[in-house]
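Peer 1: After the sequence you'll find the predicted model.
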Amino acid sequence: MAQTLTTLPPSTHEFADIIHRLEAGGSMLPDTPENLKQIIGIYKAYAVPMDFYWRDLLYIAEQVFLNPLPFFKYFLPESYLQRHNHYAGDDAVLRIWRGEATAHPELLAFIAKGKTIPGPKIFHHLLHDRINMEFAEACMRAMFWHGRDMGIGKFDAYLDTPEYKANAERAIKAYFQGNPIMLGLYRLFPEMFIEQVRQLSYYANLGLFWEVMAPVFLEMSDLYDEGKITTVKEAMDFLVNGIFAAAGRPIYHHVYIRGQCYEIVPESAGFTWLYEAALPYVEAVFYRTAPFRGTKSYNAQAEQVPNQQKDFHYGILYADVFPVGTAGIPPTLLMDDMYHFLPEYLKEYYRQHCRGEDDMLIQLGISFQRSMYNVTSAVIQALRTALHYPLDDPNPEHLLINRQFYESQLDRFKRPEARLRDIQRTDYR
Amino acid sequence: MLSILLWLPVIAALLVGFAPFSLKSDPPGMCLAARLRQITSLFTCLIIAVSLILLWQFNYSDSQGQFNEYLPWIETIGLNYSLAVDGISLPLLILNGILTLVAIYSIGDKVERPRLYYSLILLSNGGIAGALMAQNLLLFVIFYEIELIPFYLLISIWGGPNRAYAGIKFLLYTAISGLLVLAAFLGIVWLTGATDFDYQSISTLELSPKTQLILLTILVVGFGIKIPLVPLHTWLPDAYTEASPAVTILLGGILAKLGTYGLIRFGLQLFPETWRLVAPGLAIVGTITVVYGALSAIAQKDIKRMVAYSSIGHMGYILVATAAWTELSLLGAVAQMVSHGLILALLFHLVGIVERKAGTRNLDVLNGLMNPIRGLPLTSALLILGGMASAGIPGLVGFIAEFLIFQGSFTTFPIPTLLCIIASGLTAVYFVILLNRTCFGKLDNRLAYYPRVQWSEKIPALILAGIIFILGIQPNWLVGPTETTTNAIASATQLVQTYAQR
């Protein structure tokens, strides 16, 4: 590492300090105890609703499927709450979290009681006293919409193959068996139904992605509580290791109709977690998404929205976390979800700053932004490991290639909306 | 009874200024300030209670001064301790108490030199009450002049960066105003041969029209500085902008009313015959003041200055109404004094909160204060209410006062009244500019680390907003005590004019 610094001249990039930090194996987020406390607390608060998101995404992809009136798609059945996470519990394929494989206890307690008053599920649903699955669906749609031109992985291209269409058709016909109206509609507008199935494949994709991330975040929180993660760098390294450990996990889409499994995207197609779920997710959700139609209006004719999808920059790394929500994905919904599961130390921390209880949603939104810069750092470091050279490589040419890689990554944060500059400051709350 | 209103604030000021409270509380200074604020507000509540008792006991059908108190003092110069209230001064006395209470909470709890500050606030309350109750011309001038001292100190010590300049300018202008009023009063007494300065014993009917005109002109200029009328207004934007919000509330809310009160009490009532002569000119000056205030407000970038210019404009209505001297217009003039005092106090209080929290008054910087989590949502909402009240939206007290004025003045001065109505439309223009720039739009999250607005800051604004709303839908409570007095003034002066014309 010392060699890295002495061999190459200092970077002249606008974010030279951050590039040097990355070259030293660090994160884009400054390594301070305060930052560590914020990101770990938020990982925990994010992981609990995420435990609901992945279960419900898979439930919709596998069970609700093409139900034309999916009123109860957010009402998770007991079987999905009891479904074992593949990365937690005793029967895990790879035990990342030492906790249970079924739904998180805090999540179950929240579903049972809500935060307002005890009552039937429909009551909590209508009061929005629940996990906001709309956020998870917005993330899924971002992946679906940007999937075509991200140039990452082969999952999206597979959705256009005759093989996929044949699989989808089998499932559609089985699902609407005995329903001449829907079958008639399918004959009239087959592409509309196929497109819906494509979207459901993305439900499965994101569900399988988050099934990994929830135990990763929960384990980080436990390690922090035990004093085993003490720096931001250690937290990032844990994520990098997690990414590689789960990289080969299959990404598939199975549908269960009357007890029979229809493999729309079979495991045998060979899609894996890192390239077909994790990287597209980061690109689509952290960077791109789309302008959120909140209180701020965008005028496409006045070029307030980029012409090219690849130039979109409305993700959490650019988001204005204020409650009007100019991020592509409504940040207020996720902020509200995380608010229910904040660890006590983070609540206490927020009470000491800005307006305490009154603006805790924004404060935790900013912490979330910090934590996602750390996740993005982990992805950048993982990509560098996969595509380029080790940080302690003795060859200066290799180090130069590494630097060019980092610089090209950080070029994306040069635009004024990017919050990379802000998260370097402690007073950005 | 009236002496209580005069002496209670003075005693309270002495108590706050000199009583040996523990100064070593922890944290020092702040705790003392909070305690002194409590004591001051307690006394102010007492003052308001006394004035409300007066209102309760007030005989609505009597147009003359009530609760008279008379003590011979220095008889050789004709100065007597003579107090009374009538339908014009009573609403203003109540307003004086309410605005003092608001002012106490308008500077925040970290005021420096709290003893002096709260003493001066109380003294100014006493001075204004004295001037409103005085039935002796010399006694009026004494109070009219004496309250300049606390106000000068309040501007010069607790004001903004340019406070020294603003304080001196205020002192010079208003001292000259006091001198002119004194000169006019001396002239009245000496030339009429009255034995003392008692208001009831003075009659100017025997003076020649030319003498009356000279004396009235001196009075109008004297009070015109205080109101202020264009072109005598140049002290106001500086004083209002540089003074702390609390002092501005008292300056604009009640002190300026001494000018219009003086015009009705001593201009119109002492010189009914000559008033007819100067009334058209006064109406024109009033209209110019209204239009100038509105247009200047539109051009401002500083929200406090904008509200200050709006104040100039709204005081012009009172002059037009007074010049028109009909029953309805005089009633409207008094209603506008109260309404303007309440609305201006609300606006300056809120502007003060915005300045304290956001650290700026610049229209180009402020934005998105309506933001529910990081902005100042209640402050912004009340600012909108204040703007609506000031623009004369029905259902709020501003509408009642302006409607009475326009209705009452139109028969006498149709064109000036129409111009005033157009200018009241301009009020909506600058308040829309103000609200659109400050409250709406998107809050800039690089700036929006504003501290929380305390309940001690919200409550006075809520009280004022409540009064503005209640008097807006129940205007009889506003005009009830005044109606008999203003009707009597209108009919008496018109009688005199008819007599003079014969």
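Peer 2: Nice, I can see it.
Peer 1: Tell me where the stretch 201-350 of chain B has helices.
Peer 2: B:209-226, B:235-242, B:245-250, B:256-262, B:272-299, B:303-324, B:327-358 (DSSP state H, counting those that start in this stretch).
Peer 1: so which of these gets nearest chain A?
Peer 2: Comparing these by their distance to chain A (C-beta to the nearest C-beta), the top pick is helix B:327-358, with 10.9 Å. The way it works is simple: take the backbone N, C-alpha and C, and place the C-beta from them, glycine included.
Peer 1: after that closest one comes which helix or strand?
Peer 2: helix B:377-390 (DSSP states H and E).
Peer 1: any idea of the mean pLDDT in stretch B:292-312?
Peer 2: For stretch B:292-312, the mean pLDDT works out to 93.
Peer 1: how distant is that stretch from the center of its chain?
Peer 2: The chain centroid and the centroid of stretch B:292-312 are separated by 17 Å under C-alpha atoms, centre = their mean, to the nearest Å.
Peer 1: in it, what's buried?
Peer 2: Applying a neighbour-count criterion of 16 or more other C-beta atoms under 10 Å in any protein chain shown, one finds B:292-294, B:296-298, B:300, B:302-312 buried in stretch B:292-312.
Peer 1: Pull the residues that contact that stretch.
Peer 2: B:228, B:230, B:233, B:236-237, B:240-241, B:245, B:248, B:252, B:256, B:289, B:313-316, B:340, B:344, B:347-348, B:351, B:354-355, B:361-364, B:366, B:390, B:423, B:426-427, B:429-431, B:433-434, B:438 (C-beta atoms under 8 Å, 6 or more residues apart in numbering or on different chains).
Peer 1: Restrict it to CA atoms and write it as CSV.
Peer 2: C-alpha atoms of stretch B:292-312 as CSV (Å, rounded to 0.1, in the frame of the first residue of the first chain):
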residue,chain,number,x,y,z
TYR,B,292,-45.9,55.2,-2.5
GLY,B,293,-45.8,52.7,0.3
ALA,B,294,-47.3,49.9,-1.9
LEU,B,295,-45.0,50.6,-4.9
SER,B,296,-41.9,50.9,-2.6
ALA,B,297,-42.8,47.6,-0.9
ILE,B,298,-43.0,45.9,-4.3
ALA,B,299,-39.5,47.0,-5.1
GLN,B,300,-37.9,45.6,-1.8
LYS,B,301,-35.6,42.6,-1.5
ASP,B,302,-35.6,42.7,2.3
ILE,B,303,-38.7,41.2,3.8
LYS,B,304,-38.6,43.4,6.8
ARG,B,305,-38.2,46.5,4.7
MET,B,306,-41.1,45.3,2.6
VAL,B,307,-43.3,45.1,5.6
ALA,B,308,-42.1,48.5,6.8
TYR,B,309,-43.1,50.1,3.5
SER,B,310,-46.4,48.3,3.6
SER,B,311,-46.9,49.9,7.0
ILE,B,312,-46.4,53.4,5.5
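Peer 1: just the helices in the stretch 251-400 of chain A please.
Peer 2: Remark: helices assigned in the stretch 251-400 of chain A by DSSP H, counting those that start in this stretch are A:273, A:279-281, A:331-339, A:344-351, A:360-387, A:396-411.
Peer 1: Minimum distance to B:Gly87: which of those has it?
Peer 2: Closest to B:Gly87 of the helices of the stretch 251-400 of chain A is helix A:360-387 (C-beta to C-beta; 52.8 Å).
Peer 1: Now do the SS call for B:Tyr81.
Peer 2: Secondary structure, DSSP: H, G, I helix; E, B strand; the rest coil: B:Tyr81 is strand.
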